[in-house]
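*Asks:* following is a predicted model, sequence given first.
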Amino acid sequence: MVCRSPPKNNGFDGTDAVLEFNKPEQVKHIALLEELNKKGDFSYFGRKDESTEKFYNGDCAITTASSGSLADIRHYAKFNYGVGMMPYDADAKDAPQNAIIGGASLWVMQGKDKETYTGVAKFLDFLAKPENAAEWHQKTGYLPITKAAYDLTREQGFYDKNPGADIATRQMLNKPPLPFTKGLRLGNMPQIRTIVDEELESVWTGKKSPQQALDAAVERGNQLLRRFEQSTKS
């Protein structure tokens with residue numbers, strides 16, 4: 001679910017961003033999952049990729065997972081399966097929007113010598129070559145890092161032989177990007193994700209209502225954001 005949160009273009013425009021994912025449309029979504037959980041139609045298996053193994057072992061009928069899980073499903077599943085786009089709330093404004101990327105990335109830091117940066121540049125150039133990026137995408141299920149790699153994969157017939165392998169990319173290209181669909185840049189992001197996991201787990205176990213859990217996640221997450229903001233000023 002992509003929401004217009006937080007302000008400051010999801011953190012790209014400043015470290016004084018705040019979290020605001022405790023609004024009615026987000027509460028509605030978590031409340032739906034809570035109801036499905038009570039009925040036994042939704043099961044929470046853990047914070048990582050546990051549901052993927054449950055799926056390809058035949059223990060659950062549907063899983064919501066990273067596109068990077070597709071390689072394992074393709075390898076281990078002993079049955080025919082389909083791949084679909086993420087569900088969305090048709091009542092939400094301008095739905096559906098683009099999905100956002102997970103955020104794993106390579107960073108080049110300052111302070112190294114010229115020889116090191118020459119090697120780094122060659123490595124990044126190698127990764128970005130369409131044939132290399134296409135091979136990585138096809139073998140892992142992760143998104144192709146360039147449009148050229150996506151086009152090459154299509155030209156090679158990979159999507160024809162592996163129906164659904166292009167779903168995640170098409171979901172990213174669904175509409176022209178908007179500030180809130182380009183991803184997130186927030187200080188202490190790993191810790192914030194842990195907080196969200198903790199609070200959602202309190203919903204699945206019946207300890208908190210969706211509103212209470214999201215309110216707590218926003219409050220705790222904003223405390224971490226303010227701490228990070230202060231650290232950038234010192």
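*Replies:* Perfect, thanks for sending it. Residues are numbered from 1 along each chain as shown.
*Asks:* which strand or helix spans the residue nearest the centre of the chain?
*Replies:* What sits nearest the mean C-alpha location of the chain, by C-alpha atoms, centre = their mean, is Gly102, with 3.4 Å. Remark: Gly102 resides in no helix or strand, with elements defined by DSSP states H and E.
*Asks:* next one: His137
*Replies:* Per DSSP H and E, His137 falls inside helix 130-140.
*Asks:* where does this protein dip in pLDDT?
*Replies:* Low-confidence segments of the chain, defined by pLDDT under 70: 1-7, 103, 234.
*Asks:* longest helix of it?
*Replies:* The longest helix of the chain (DSSP state H) is helix 210-233.
*Asks:* tell me how this protein divides into domains.
*Replies:* The chain breaks down by automatic domain parsing into domains covering 7-99+174-233, 102-162.
*Asks:* re the thing from before, output the helix holding His137 as PDB, nothing but the C-alphas.
*Replies:* Output in PDB follows, covering the C-alpha atoms of helix 130-140 (Å, rounded to 0.1, in the frame of the first residue of the first chain):
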ATOM      1  CA  PRO A 130      21.800  -4.600 -20.100                       C
ATOM      2  CA  GLU A 131      23.000  -8.200 -20.600                       C
ATOM      3  CA  ASN A 132      24.300  -8.400 -17.000                       C
ATOM      4  CA  ALA A 133      21.300  -6.700 -15.400                       C
ATOM      5  CA  ALA A 134      18.900  -8.800 -17.500                       C
ATOM      6  CA  GLU A 135      20.600 -12.000 -16.400                       C
ATOM      7  CA  TRP A 136      20.500 -11.000 -12.700                       C
ATOM      8  CA  HIS A 137      16.800 -10.100 -13.000                       C
ATOM      9  CA  GLN A 138      16.000 -13.400 -14.700                       C
ATOM     10  CA  LYS A 139      17.800 -15.600 -12.200                       C
ATOM     11  CA  THR A 140      16.700 -13.800  -9.000                       C
END
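*Asks:* what comes into contact with the following helix or strand past it?
*Replies:* Once the chain leaves helix 130-140, the next helix or strand it forms, by DSSP H and E, is helix 147-155. Here helix 147-155 makes contact (C-beta atoms under 8 Å, 6 or more residues apart in numbering) with 130-131, 133-134, 137-138, 144, 159, 166, 169. C-beta here means a position set from N, CA and C on the backbone, and glycine is covered the same way.
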